[in-house]
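Chemist: missing the sequence, but the structure's below:
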């Protein structure tokens, strides 16, 4: 017996789920300014990567906890967004994050997986690994609740 | 690339980790009174099952949310306990649980996995499935922090 | 400057919010079987109490963690329910609980406060104190997300 | 009856708790680069403020969720640090945050309060308000677990 993994059964609800997610990520100023990239996009699954730089570290040269959380929150959020109807955006209602090891290394990798895609609420988890000299270690795990929203009309 | 899964590397710290966990579970009055059973015990992994009964349901015949949480909390806690030194017990520092589907069915199954086993703190997750007419569905997911403790000396 | 306390501004949305909350609590089989009582009911605020008994303790005579969580979850949930439209019930979407002291004593007291009452989601917190020989101590704190739901037609 | 508020009983463990907290905050590169200020420091209580700027907003001009979380995490963490022995630093073990309203406005205010100061673990909460045209609204609430640590010896 294994735990039910909901995400294996997920189907996207429109053809351009990947384009919608990548376009939203490109508009996300903060992650872009940190040099984050969106690697894998699949139904219910998004992976992000973030290289080391002075902008994302605290004084000891670790990745800052706020950066780890933001990357994990984004990976889980975009994983959920792959399962929305066309034209909807996703917002985080809440999340919980455990920091399990210092984020010391050259690169952060965040693996977001949607666990439940309801009509009004979605639940995702994200694991954040840190890569140091070619070795990867789990450094944080995040469990979050998300909601679909209509995008704000913006003149810009 | 896949997320790092720490638990694959876990090794128990004494030979009788399974006996210690099963003995602690047997003393756990509440779960026993509900008819819960401990199925799988492996390093960093414990599965529990709980049959339907009037004692664990609310008025609509669903498994009560408090029961779902208690079963998940116990599965994750015992998963962590498999990795402790001989003689130590485990306590939950905190947990977060998402209820993702109504717990309607004949049996609950909780799958606890330790994600990080530090010396002072451990982190586990648990997934709770509900089984209804032979089909299983994810109904809750729990992420928790645990601490090893010396057992209380009890004269009783 | 003090933190904004949303709940001071809450107004109930119908006259019989107290009756609706007390009727729902009376149908809640598990809490009733444990001897829990609903003390204060006010807009955005509900207090529950639970006396010590063999039914709610683990083998060491502490209140069981699952009982502490269930009482806190119920106090926060009913605090949110006081602010719903007539005829709606409340369900917990998720919660996080920190156990800050052993629940050793003669009585648990749970203080639920709604912090945000949105149309689709509500957020409550609950503090659970344990009373021992006339002294009260904080033993758990819970932060939760809730959603209004139409009650199931029962009779079936 | 009111909920027990542990923090009213807190006493600092050394005379220069305020100096220690302010010095740590000054070394915290990310918050400083965002223009955050530490306003109130009292035993078990720290308030932070953060003015609006392009560095801390997303494309729609809201404060970014990661910034809200980082400010709340820091306020709660420093609130806990006021209660540590001299020479110790604080780290976040985990936190949960609920985003209850869009962070639209000119200034964020974070109110951190320590709820429990144990020897090995501390628990804090933080409320984050946003100020818009002179009105303040709750926009996030955070509940976190923290641990004291020896500072790393650094050559710098």
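Modeler: Sure, I can see it. All values derive from a computational prediction rather than experimental measurement. Residues are numbered from 1 along each chain as shown, chains lettered A, B, ... in the order given.

Chemist: what about the lengthiest strand in chain A, near chain D?
Modeler: Secondary structure of chain A per DSSP state E: the longest strand is strand A:135-149. No. Legend: contact between strand A:135-149 and chain D by C-beta under 8 Å from any C-beta of the partner chain is lacking; minimum distance shown is 8.9 Å. For every residue, glycine as well, the C-beta is placed using N, CA and C.

Chemist: now do stretch A:53-72
Modeler: Yes. Using C-beta under 8 Å from any C-beta, stretch A:53-72 reaches chain D at A:57-60, A:64-67, A:69-70.

Chemist: buried residues in that stretch?
Modeler: Residues A:56-58, A:62-72 are the ones in stretch A:53-72 that count as buried (16 or more other C-beta atoms under 10 Å in any protein chain shown).

Chemist: pLDDT and secondary structure for the residues you listed - can I get that in CSV?
Modeler: Formatted as CSV, those follow (pLDDT from 0 to 100; DSSP: H, G, I helix; E, B strand; the rest coil):
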residue, pLDDT, secondary structure
A:56, 82, helix
A:57, 78, strand
A:58, 71, coil
A:62, 88, coil
A:63, 92, strand
A:64, 90, coil
A:65, 92, helix
A:66, 92, helix
A:67, 93, helix
A:68, 96, helix
A:69, 97, helix
A:70, 95, helix
A:71, 96, helix
A:72, 98, helix
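
Chemist: which residues in chain A form helices?
Modeler: Along chain A, counting by DSSP state H, helices occupy A:17-27, A:29-33, A:65-81.

Chemist: deepest in the core, which of those is it.
Modeler: Most buried of the helices of chain A by mean neighbour count (mean count of other C-beta atoms under 10 Å in any protein chain shown) is helix A:65-81; its value is a mean of 27.

Chemist: by how many degrees do that one and helix A:17-27 diverge?
Modeler: If you take axes from the mean of the first three to the mean of the last three C-alpha atoms, to 10 degrees, helix A:65-81 sits at 150 degrees to helix A:17-27.

Chemist: so which elements touch helix A:65-81?
Modeler: Packed against helix A:65-81, as judged by 3 or more C-beta pairs under 8 Å, 6 or more residues apart in numbering or on different chains; DSSP states H and E, are the following elements: helix A:17-27, helix A:29-33, strand A:45-51, strand A:89-99, strand A:107-117, strand A:122-132, strand A:135-149, helix D:65-81.

Chemist: any idea how far the longest strand of chain A is from the chain center?
Modeler: Put simply, strand A:135-149 sits 6 Å off its chain's centre (C-alpha atoms, centre = their mean, to the nearest Å).

Chemist: then stretch A:88-97?
Modeler: Distance, stretch centre to chain centre, for stretch A:88-97: 10 Å (C-alpha atoms, centre = their mean).

Chemist: do stretch A:112-128 as well
Modeler: Using C-alpha atoms, centre = their mean, the mean C-alpha position of stretch A:112-128 is found 10 Å from that of the whole chain.

Chemist: and that stretch, what's buried?
Modeler: Buried residues in stretch A:112-128 (16+ other C-beta under 10 Å): A:112-117, A:121-128.

Chemist: separation between the most centrally placed residue in chain A and chain C?
Modeler: Taking C-alpha atoms, centre = their mean, the centroid of chain A lies closest to residue A:75, which sits 0.7 Å from it. Distance, residue A:75 to chain C, using C-beta to the nearest C-beta, to the nearest Å: 19 Å.

Chemist: partners of the nearest residue to residue A:143 once chain neighbours are set aside in the sheet?
Modeler: With C-beta to C-beta, 6 or more residues apart in numbering or on different chains as the criterion, residue A:143 has its nearest non-adjacent residue at 4.6 Å, and that residue is residue B:143. As for beta bridges, residue B:143 partners with residue B:96, residue B:125 under DSSP bridges.

Chemist: least trustworthy helix or strand in chain A by mean pLDDT?
Modeler: helix A:29-33 (a mean of 78; mean pLDDT, DSSP states H and E).

Chemist: any idea how far it is from the chain center?
Modeler: With C-alpha atoms, centre = their mean as the basis, helix A:29-33 stands 13 Å off its chain's centre.

Chemist: so is that helix next to chain D?
Modeler: Yes. Remark: helix A:29-33 sits within contact range of chain D at A:29-30, by C-beta under 8 Å from any C-beta.

Chemist: so which elements touch that helix?
Modeler: By 3+ C-beta pairs under 8 Å, 6+ apart, helix A:29-33 packs against helix A:17-27, helix A:65-81.

Chemist: include distance to residue D:92 when you put the helices and strands packed on helix A:65-81 into JSON lines, please.
Modeler: Below are the helices and strands packed on helix A:65-81 laid out as JSON lines (distance: least, C-beta to C-beta, whole Å):
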{"stretch": "helix A:17-27", "distance to residue D:92": "26"}
{"stretch": "helix A:29-33", "distance to residue D:92": "20"}
{"stretch": "strand A:45-51", "distance to residue D:92": "19"}
{"stretch": "strand A:89-99", "distance to residue D:92": "6"}
{"stretch": "strand A:107-117", "distance to residue D:92": "17"}
{"stretch": "strand A:122-132", "distance to residue D:92": "14"}
{"stretch": "strand A:135-149", "distance to residue D:92": "10"}
{"stretch": "helix D:65-81", "distance to residue D:92": "6"}
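
Chemist: by mean pLDDT, show me the worst of those.
Modeler: Among the helices and strands packed on helix A:65-81, helix A:29-33 carries the lowest mean pLDDT, at a mean of 78.

Chemist: what's next to that one, contact-wise?
Modeler: A:25-26, A:48, A:50, A:55, A:70-71, A:74, D:57-59, D:64, D:66 (C-beta atoms under 8 Å, 6 or more residues apart in numbering or on different chains).

Chemist: surely residue A:95 is in contact with residue A:145?
Modeler: Yes. With contact defined as C-beta atoms under 8 Å, residue A:95 counts as touching residue A:145 (7.3 Å).

Chemist: on that earlier part again, quick one: which of the residues of stretch A:53-72 next to chain D is nearest to chain B?
Modeler: Nearest to chain B among those: residue A:69, at 13.9 Å, using C-beta to the nearest C-beta.

Chemist: count the neighbours of the closest residue to the closest one other than its chain neighbours for me.
Modeler: In space, and not counting its chain neighbours, residue A:69 is closest to residue A:97: 5.2 Å by C-beta to C-beta, 6+ apart. Using other C-beta atoms under 10 Å in any protein chain shown, residue A:97 has 27 neighbouring residues.
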